[in-house]
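>>> sequence first, predicted model second:
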Amino acid sequence: MAVRSRLAFVVAFLALLVAGAAHAGPDFRFEGVHRIVTVADVHGGYDEFVSILREAAIIDAGLHWRAGDTQFVSLGDLLDRGPDSRKVLDLVMRLEGEAAAAGGAVHVVLGNHEVMNIVGDLRYVSAAEYTAFAGKEDEALREQAWLRLREQEPQAVRADFDALEPAGYYARTAAFSATGKYGSWLLAKPFLIVINDTAFVHGGLPALVAADGLDETNRSLHAELDAYLQAAPEVRDAQQPDLFTSKSPTWYRGQALCYPYTEAENLDAALAALGVSRVIVGHTPTATRRVQSRFDGRVLLLDTGMLRTFYQGSPAALVFENGRWSVAYADRPGERMQPEVAPRAVGARPAGLDDDALEQWLGQAEVVEMEDLDTGVTHPRRVTLRKGGVELRAVFKDLSVDTDELGRSPAIATSDRFEYELAAYKLDRLLDLNMVPVTVARTIGKHRGILQFWIDGAVNVRRMLERKLEPAGDCAAGPQYNLMNVFDVLIDNTDRTQENALFTKDWTLVLIDHTRAFRTDMNSPHLLYRGDLTVPPALARRLATLNRGQLQAALGPYLKKRQIDALLKRRDLLLKGNYAGRRSADRGRQ
């Protein structure tokens, strides 16, 4: 621990070498640019970086600028994790000068890893990166530091010191200080820029951007960074500026990961504040390792895991030319493609198996094991299935207790129909809600029922409360609970319990068990989450488009006409706000 304390002190001391580094000029907006090339998250992958620069016609065979008046944008995270961050930075810095001389430009937007290195957070620096800075001067600094440490802490062990402060440590730390070659260069870079009608940012556009706009966002974040660097170490340890949290555009993942209906309002406000049509982000590797679009193309996800040794991805660039955007991949030379629409995938599963593919898989996979689940009155069974070298689990339900045609059976309050699981899934897909796992009709043996994808590693709300766990993901829990409430009111779900609301490993809320839904009364059901029910504007617009023909086509095989009629009436009440002020039951959590 003593050596670690010394490490923190040295990092803080070097980071305090602030000499009024010049920030990016007043221009964060660039208009009339006819060609743009942007990449994300190089992470020290020099060879991969060079390959995509060549494919996008940014550099020639000699690694010099050949792109004329093109404007090139790095979305940050040029460094860390990979072995060649220094080579990457040196190349970008040289290209910056060459581009300017040719009438073009190189823009580097700060990512969280640039900021981390500037302030001395070196958790992701690879051993090879330290080695790149090793030399006589560094060795002399290390020996001096070791002798000072021995004077202060005679019990210090040299092997521990060498492990924490390896050869190259001091030279690299100095280079990334506020007066160092790389630190001073990075301190002059923006957090967010706009070119033409597109915003470029590392992580995403949090509420800060919607509130402050382009210039003030850059100004305020740079002010936070300066204040942090100039603060005394003991003061700094007690600080938690927004810059280092998901409130900052360097860390925010809302547009990459959160449910569209919980994020759309913030996205719309941020795009409006910036006066742009779309935003391009990095920071969050896509599941397919291909460039993806979300929110009807207003968000483009560019982190394709370029550093192959760590992310097993492929270098990619977004290219704007001839008035349109396209994607260049280093492994598809000469081709230009369109971003993939981010596939629906409720719950983690093997890469490439989105929900459409999972539907087919669950319908065809071999049943290799079944076990009873000691839960509920529907006697569900957990099924292990195998196909194509992939093994997954699902829940099988086959109980279907019907009611009389008028819905007046004494058993209506306890009736259960597996068909309603299919109706809930189909409606979820019709609304693009993305909260209900894949559910398919399947006959196993002589039993007709449904299979619903089992999400491994999920924790239900009851166990979460028992373990005193708080959701800690990139997407706030409150808006997700609200979506659950809206869905439960829409389908008149009378049986939402703490056991059938699940959080995945990344704290995304998933909804299961809808066998007691789709009643025909207009009463608001008891809701699990305590809070006022609000219908997000984007979801309200989607609900307004529902018509009887759509619902009959999607839900007709599973619901009676009167159930669809009731659903439409509840939809109308939701849109009129008749449910908005109702409080939920006290079964749930605040």
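Perfect, thanks for sending it. Source: prediction; values computed, not measured. Numbering: from 1, shown residues only.
>>> report the central residue of the protein.
Nearest to the geometric centre of the chain sits Leu257, at 3.4 Å (Cα atoms, centre = their mean).
>>> what about Thr545, distance to Leu575?
Thr545 sits 11 Å away from Leu575, going by Cβ to Cβ, to the nearest Å. In short, each C-beta sits where N, CA and C put it, glycine included.
>>> next one: Asp398
36 Å.
>>> any idea how this protein splits into domains?
The record's domain parsing of the chain by automatic domain parsing lists 2-341, 400-576.
>>> any chance of those in CSV, with distance to Asp355 too?
Below are the domains of the chain laid out as CSV (distance: least, Cβ to Cβ, whole Å):
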stretch, distance to Asp355
domain 2-341, 12
domain 400-576, 5
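>>> between those, which one is closest to Asp356.
Across these, Asp356 has its closest neighbour in domain 400-576 (8.9 Å, Cβ to Cβ).
>>> endpoints of the closest one, how far apart?
From its first residue to its last, domain 400-576 covers 34 Å (Cα to Cα, to the nearest Å).
>>> state the mean pLDDT of it.
When pLDDT is averaged over domain 400-576, the result is 90.
>>> what's the closest non-adjacent residue to Val50?
The shortest distance from Val50 to any non-neighbouring residue, by Cβ to Cβ, 6 or more residues apart in numbering, is to Leu63 (6.8 Å).
>>> about what we covered before: Asp398 and Leu575 - which one has more neighbours?
Neighbour count, other Cβ atoms under 10 Å: between Asp398 and Leu575, Asp398 has more, with 18 against 15.
>>> for Gly282, give me its contacts.
Applying Cβ atoms under 8 Å, 6 or more residues apart in numbering to Gly282 gives the contacts 40-41, 75-77, 111, 202-203, 301-303.
>>> er, Gly68 I mean
Counted by Cβ under 8 Å, 6+ apart, Gly68 has contacts 35, 102-104.
>>> closest to Glu499 among those residues?
Closest approach to Glu499 among these (Cβ to Cβ): Arg35, at 55.2 Å.
>>> measure that closest one to Ile195 for me?
Applying Cβ to Cβ to Arg35 and Ile195 gives a distance of 10 Å.
>>> between these two, who's got more neighbours?
Higher neighbour count among Arg35 and Ile195: Ile195, with 22 against 17, using other Cβ under 10 Å.
>>> quick check, Tyr261 in a strand?
No. Tyr261 sits outside any strand when classified using DSSP: H, G, I helix; E, B strand; the rest coil, being helix.
>>> next, work out how far apart it and Ala540 are.
From Tyr261 to Ala540 the distance is 9 Å (Cβ to Cβ).
>>> same deal with Ala554?
19 Å.
>>> the more surrounded of these two?
Ala554 (19 against 16).
>>> test my guess that the more buried one contacts Asp428.
No. Between Ala554 and Asp428 there is no contact under Cβ atoms under 8 Å: 10.3 Å.
>>> picking up where we left off before, once you drop chain neighbours, what's closest to the residue nearest to the centre of the chain?
Using Cβ to Cβ, 6+ apart and skipping residues adjacent in sequence, the residue nearest Leu257 is Asp474, 5.2 Å away.
>>> what average pLDDT does stretch 354-369 get?
On average, stretch 354-369 scores 96.
>>> tell me which residues are up against that stretch.
343-346, 349, 353, 383-388, 390-392, 394, 438, 440-442, 444, 451, 453.
>>> now, of the residues you listed, which are buried?
345-346, 349, 353, 383-385, 392, 394, 438, 440-442, 451, 453 (16 or more other Cβ atoms under 10 Å).
>>> give me the neighbour count for Asn547.
Look at Asn547: counted by other Cβ under 10 Å, it has 9 neighbours.
>>> so which bits of the longest helix seen in the chain are buried?
Ordering each helix of the chain by length in residues (DSSP state H) puts helix 207-230 first. When neighbours are counted by 16+ other Cβ under 10 Å, the buried residues of helix 207-230 are found to be 208-210, 212-214, 217-222, 224-226, 228-229.
>>> now swap in stretch 509-529 and tell me
Across stretch 509-529, burial judged by 16+ other Cβ under 10 Å covers 509-520, 524-529.
>>> in space, what's closest to Glu129 - neighbours in sequence excluded?
Computed as Cβ to Cβ, 6+ apart, the closest residue to Glu129 that is not its neighbour in sequence is Ser85, at 5.2 Å.
>>> Ala174 sits in which helix or strand?
Using DSSP states H and E, Ala174 sits in helix 169-175.
>>> state the mean pLDDT of that helix.
Mean per-residue pLDDT for helix 169-175: 92.
>>> ok, now stretch 56-71?
For stretch 56-71, the per-residue pLDDT averages 98.
>>> next, the buried residues of that stretch.
Buried, per 16+ other Cβ under 10 Å, within stretch 56-71: 56-59, 65-67, 70-71.
>>> sitting in strands, which of these do you find?
If you go by DSSP state E, the buried residues of stretch 56-71 have Gln71 in strands.
>>> in the stretch 101-250 of the chain, which spans are helices?
112-118, 127-131, 136-152, 158-164, 169-175, 181-187, 207-230, 233-237 (DSSP state H, counting those that start in this stretch).
>>> need those helices in CSV (columns: distance to Pro249).
Shown next, in CSV, are these (distance: least, Cβ to Cβ, whole Å):
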stretch, distance to Pro249
helix 112-118, 10
helix 127-131, 25
helix 136-152, 34
helix 158-164, 32
helix 169-175, 25
helix 181-187, 16
helix 207-230, 6
helix 233-237, 22
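>>> which one, of those helices, ends up nearest to Tyr252?
Between these, helix 207-230 lies closest to Tyr252; by Cβ to Cβ that is 8.5 Å.
>>> just the CA trace of the closest one, in PDB.
Extracted C-alpha coordinates of helix 207-230, given in PDB (Å, rounded to 0.1, in the frame of the first residue of the first chain):
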ATOM      1  CA  ALA A 207     -28.300  16.100 -20.800                       C
ATOM      2  CA  LEU A 208     -25.400  18.500 -20.300                       C
ATOM      3  CA  VAL A 209     -25.200  19.000 -24.000                       C
ATOM      4  CA  ALA A 210     -28.900  19.600 -24.400                       C
ATOM      5  CA  ALA A 211     -28.700  22.200 -21.700                       C
ATOM      6  CA  ASP A 212     -25.500  24.000 -22.600                       C
ATOM      7  CA  GLY A 213     -25.000  23.500 -26.400                       C
ATOM      8  CA  LEU A 214     -21.800  23.200 -28.300                       C
ATOM      9  CA  ASP A 215     -19.500  26.100 -27.100                       C
ATOM     10  CA  GLU A 216     -20.500  26.000 -23.400                       C
ATOM     11  CA  THR A 217     -20.200  22.200 -23.200                       C
ATOM     12  CA  ASN A 218     -16.600  22.500 -24.300                       C
ATOM     13  CA  ARG A 219     -15.900  25.500 -22.100                       C
ATOM     14  CA  SER A 220     -17.300  24.000 -19.000                       C
ATOM     15  CA  LEU A 221     -15.600  20.600 -19.400                       C
ATOM     16  CA  HIS A 222     -12.300  22.200 -20.000                       C
ATOM     17  CA  ALA A 223     -12.800  24.400 -16.900                       C
ATOM     18  CA  GLU A 224     -13.500  21.300 -14.900                       C
ATOM     19  CA  LEU A 225     -10.300  19.600 -16.200                       C
ATOM     20  CA  ASP A 226      -8.200  22.700 -15.500                       C
ATOM     21  CA  ALA A 227      -9.600  23.000 -12.000                       C
ATOM     22  CA  TYR A 228      -8.900  19.300 -11.300                       C
ATOM     23  CA  LEU A 229      -5.300  19.500 -12.600                       C
ATOM     24  CA  GLN A 230      -4.600  22.600 -10.500                       C
END
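>>> other SSEs contacting that helix?
helix 112-118, strand 192-195, helix 260-274 (3 or more Cβ pairs under 8 Å, 6 or more residues apart in numbering; DSSP states H and E).
>>> quick one: contacts for Ile59?
Counting by Cβ under 8 Å, 6+ apart, Ile59 makes contact with 50, 53, 65-67, 95.
>>> list just the nearest of those to Glu371.
Val50 (52.4 Å).
>>> what's the helix or strand for that closest one?
Per DSSP H and E: helix 46-55 holds Val50.
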